[in-house]
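Visitor: Have a look; sequence and predicted model below, questions after that.
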Amino acid sequence: MFFALRNRAQACFLADLNTELVNLWRVVQQEPKAFWDHIQPYFKRQGEDAYYVVRDESPDHHLERAARFFYLNQTAWNGLWRENQRGVFNVPWGARDFRGVDVDFLSAVSLALQDVTIRETDFRDAAKNTERGDFIYFDPPYLPISDTSKFAGYNGKRFRKNDLEELADLCKHLTKRGVHWMVSNRDNEHIREIFSHATVVPFTTRRSVAAQSKRHVQPKDSPEVVVVGGPKS
Ligand SMILES: C[S@@+](CC[C@H](N)C(=O)[O-])C[C@H]1O[C@@H](n2cnc3c(N)ncnc32)[C@H](O)[C@@H]1O
């Protein structure tokens, strides 16, 4: 969404609660060359054994943290970032090689991020900065399909049902304040109910879901929605 709209927007603001994701975006924004240097050693760390060694590491330096996050994103199961309640990354190996990134592509991404404000903050706080005529896109975590689902959230700070309900309320207020907004999430009765004040557009998309083995994924049609709202033009 950000890259699609970057050239049409006067000012952009990116926010997430994941400390490592925010660190990576900032490093790509401010130090792309140093980031490039820091990912090079990971080409020698391919395969399952190397993955678990990297997974167990916890570097302090922001460039090393960004490189490790990027490596794990490319090699973890399904590219997933998930932490347990103690904030420890716990995704199994995805049976994929580290591929790195094309240097020209990295430069283009860094350029697109210039003059963008990147903050580690909650969506409620991020939405406070919006003014009449702005557009804000929310891509919140999907709630577990069932109470017994093992998926505990992207980070130690879990996104719960009441967070989604507060987001729906917040969107209602954004509409009243003249702010355009969009939310994407899973299609179900709950989402349709809490966003009954807006336009819900259902669609299906191919998603990779866990098969019998944790390491293998199967594509499956997943019911999704985009919900849109804001002042009528
Ligand atoms: C479906 S992912 C979206 C990822 C993002 N769109 C991207 O492409 O990198 C959901 C994101 O919501 C973030 N998140 C979870 N709870 C949050 C909160 N209360 N406020 C802001 N972000 C939150 C997670 O850290 C995760 O990165």
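Guide: Received the coordinates, thanks. Residues are numbered from 1 along each chain as shown.
Visitor: Not counting its neighbours along the chain, what's nearest E20?
Guide: Leaving aside its sequence neighbours, E20 sits nearest to F69 (Cβ to Cβ, 6 or more residues apart in numbering; 4.4 Å). Using the backbone N, CA and C atoms, a C-beta is placed for each residue, glycine as well.
Visitor: try S222
Guide: That would be R207: by Cβ to Cβ, 6+ apart, it lies 4.0 Å from S222.
Visitor: ok, the one you found touching K220?
Guide: Yes - here R207 reaches K220: they are 6.1 Å apart, a contact under Cβ atoms under 8 Å.
Visitor: higher neighbour count, the two?
Guide: Higher neighbour count among R207 and K220: R207, with 16 against 12, using other Cβ atoms under 10 Å.
Visitor: for that one, what are its contacts?
Guide: Going by Cβ atoms under 8 Å, 6 or more residues apart in numbering, R207 touches 219-222.
Visitor: ok, the helix or strand encompassing it: who's next to it in the sheet?
Guide: Following DSSP states H and E, the helix or strand that holds R207 is strand 199-210. Strand 199-210 has its sheet partners listed here by DSSP bridges as strand 217-229 (antiparallel).
Visitor: As a check, name the ranges of all helices in the chain.
Guide: Using DSSP state H, the helices of the chain run over 2-5, 19-30, 32-39, 48-56, 62-75, 103-112, 123-126, 161-176, 189-194.
Visitor: So which elements touch the first one?
Guide: Looking back up the chat, that one is helix 2-5. On a contact count with 3 or more Cβ pairs under 8 Å, 6 or more residues apart in numbering; DSSP states H and E, helix 2-5 meets helix 103-112.
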